[in-house]
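Novice: Show me how the following folds:
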Amino acid sequence: QVQLVESGGGLVQAGGSLRLSCAASRRTFSGSKKAWFRQAPGKEREFVAAISVSGGTTYYADSVKGRFTISRDNAKNTVYLQMNSLEPEDTAVYYCAATYRVLPPAPTDADFDSWGQGTQVTVSS
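Specialist: Reported below is the predicted structural model:
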């Protein structure tokens, strides 16, 4: 499994921006697909965005399209989530995930094998 460590969470006002980072501890990072999920209090974990091995294909949940951007730097073994125009509804713990499986058009957490510990994002109104 790939070990993942998220960073970059914090408290931000509505309309602000944050960039999350997810670093892998093994060089196999470059061969796996990556994704971001989030879980708000009292809710199930939900898909946010995913990116292919090369970075050429990305997937987004409808709720974040046009506001969030996923990217990766394979040389640095790191994947990013740039979050703009944040809303209070974006408040959640954000998790990085990795998989070697073929992703469906609408990935779920069952499609991923490795997970980070999560980083808290809080958006105040």
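Novice: Following element in sequence after the helix or strand encompassing Leu11, please.
Specialist: Counting by DSSP states H and E, the element that carries Leu11 is strand 10-13. Downstream of strand 10-13, the first helix or strand assigned by DSSP H and E is strand 18-24.
Novice: Dump that next one to PDB, keeping only the CA atoms.
Specialist: C-alpha atoms of strand 18-24 as PDB (Å, rounded to 0.1, in the frame of the first residue of the first chain):
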ATOM      1  CA  LEU A  18      -7.000  26.800   0.400                       C
ATOM      2  CA  ARG A  19      -4.600  24.300  -1.200                       C
ATOM      3  CA  LEU A  20      -4.400  20.800   0.200                       C
ATOM      4  CA  SER A  21      -1.300  18.600  -0.400                       C
ATOM      5  CA  CYS A  22      -0.900  14.900  -0.100                       C
ATOM      6  CA  ALA A  23       2.500  13.400   0.000                       C
ATOM      7  CA  ALA A  24       3.300   9.700  -0.500                       C
END
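Novice: and that strand, how far from the chain's centre?
Specialist: 8 Å (CA atoms, centre = their mean, to the nearest Å).
Novice: and the angle from the following helix or strand past that strand to strand 18-24?
Specialist: Tracing the chain C-terminally past strand 18-24 and defining elements by DSSP H and E, one meets strand 33-39 next. With axes from the mean of the first three to the mean of the last three CA atoms, to 10 degrees defining the directions, strand 33-39 sits at 130 degrees from strand 18-24.
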